[in-house]
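1. following is a predicted model, sequence given first.
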Amino acid sequence: MDFWAEYGWPLLLVFLQALALLIPILISVAYLIYAERKVMGLMQLRQGPQTVGIFGLLQPIADAVKLFSKEIIIPSQAHAPVFIFAPMLTLFLSLVAWSVVPVNEGWAIADINVGILFLFAVSAMGVYGVLMAGWASNSKYAFLGGMRSAAQMVSYEVSMGLVIVCVLLCVGTLNLTEIVMAERTWWMNVLLFPMFIVFLVSILAETNRAPFDLPEGESELSGGFMVEYSAMAFALFFLGEYANMILMSAMAVILFMGGWLPPFGIEAGIIPGVVWFGLKTAMILFFFIWVRASLPRYRYDQLMRLGWKIFLPFTLIWVVVISGTLLYLDAFPK
């Protein structure tokens, strides 16, 4: 009984908390795919999903049943254990990062003091799943897609790291809850706005989304690192990509948009904080879809030039600008 009281109940509580967080995320992933197809359909003057269920609302469930019931085909020359493990790792990393994300005050499974570092480290590890998939497939197209993705994600993580440094200079903490609750003056928000734009573009590249979806370039790589995948393994990659989109959107909301706090001085009690968090995250996700429907794919040299010759120098200079301003005004967080 003492063992159960000391270890059993806390473990059960953590399990239930994880379940309460993961089920809404997985449902959100499914209906983000539906929303993307609907929004892009409207933007391109077509209907989008409309056959399965009312307004096509059951289409994600039908797609999931189809993919999870098909046979997984492993190429004869592929390295089978790594080939199977790669999509599992991608989805696992995109879900485990949510353990430190506060969707409301006190609503985090692990409210650790280095939450932003944990979040950045886990998101950076996502490149391993893509690299493993590209190598284990034993296909030239898949290998090129994996190498492209690795170079792309590493390039834009540098800029993302410097953007996060700018935010941390203004708030003086690595705890995600404290980042949201930290007071920021109007001039801090003005100084951080260019970093918000850089962050939005960087998360497009970090998640391999259009116009930076070169690792999956259908025109030259036939699907890139996912070219040999089918059935459930392909579905796991798909789920991992969209879960990463939601995670990066949540990061943007926490760092720049006040997290669960209502905007424009609206009364906090009118709408729950978790609803505000969801609405703000949905705004960033709409940006993902809008960009995909509007912009053509970049060339790879343009992608690298943007990351290394524009974003990196700009974010470095901006770290100095923000540091100098805080020092001049004696406004460093105490």
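-> Thanks, I have the structure now. Residues are numbered from 1 along each chain as shown.

2. low-confidence regions, the stretch 151-300 of the chain specifically.
-> Counting by pLDDT under 70, the stretch 151-300 of the chain shows low-confidence ranges at 217-223, 265, 268-269.

3. try 80
-> Low-confidence segments of the stretch 151-300 of the chain, defined by pLDDT under 80: 214-224, 264-271.

4. so where do the helices sit in it?
-> Taking DSSP state H, counting those that start in this stretch, the helices of the stretch 151-300 of the chain run over residues 176-181, 186-206, 218-221, 231-256, 273-294, 300-305.

5. report the buried residues of the second one.
-> For helix 186-206, burial by neighbour count (16 or more other CB atoms under 10 Å) applies to 188, 191-192, 195-196, 198-206. No exception for glycine: its C-beta is placed from N, CA and C like everyone else's.

6. now the longest one
-> Of all the residues in helix 231-256, those buried under the rule 16+ other CB under 10 Å are 232-256.

7. please apply the same query to the last one.
-> Neighbour-count burial for helix 300-305 flags 300, 303-304 (criterion: 16+ other CB under 10 Å).

8. how about the CA coordinates for that helix, as PDB?
-> What follows is helix 300-305, C-alpha atoms only, in PDB (Å, rounded to 0.1, in the frame of the first residue of the first chain):
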ATOM      1  CA  TYR A 300      17.600  25.000 -52.800                       C
ATOM      2  CA  ASP A 301      20.300  27.700 -53.300                       C
ATOM      3  CA  GLN A 302      17.700  30.400 -52.500                       C
ATOM      4  CA  LEU A 303      16.700  28.500 -49.400                       C
ATOM      5  CA  MET A 304      20.300  28.400 -48.200                       C
ATOM      6  CA  ARG A 305      21.100  32.000 -49.100                       C
END
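
9. quick revisit: closest one of the buried residues of helix 300-305 to residue 60?
-> Nearest to residue 60, judged by CB to CB, of the buried residues of helix 300-305 is residue 303 at 30.3 Å.

10. find the nearest non-adjacent residue to that closest one, please.
-> residue 212 (5.8 Å; CB to CB, 6 or more residues apart in numbering).

11. who are the contact partners of that neighbour?
-> 152, 204-205, 297-298, 303 (CB atoms under 8 Å, 6 or more residues apart in numbering).

12. which of the buried residues of helix 300-305 sits closest to residue 319?
-> Nearest to residue 319 among these, with distances taken as CB to CB, is residue 304, at 21.6 Å.
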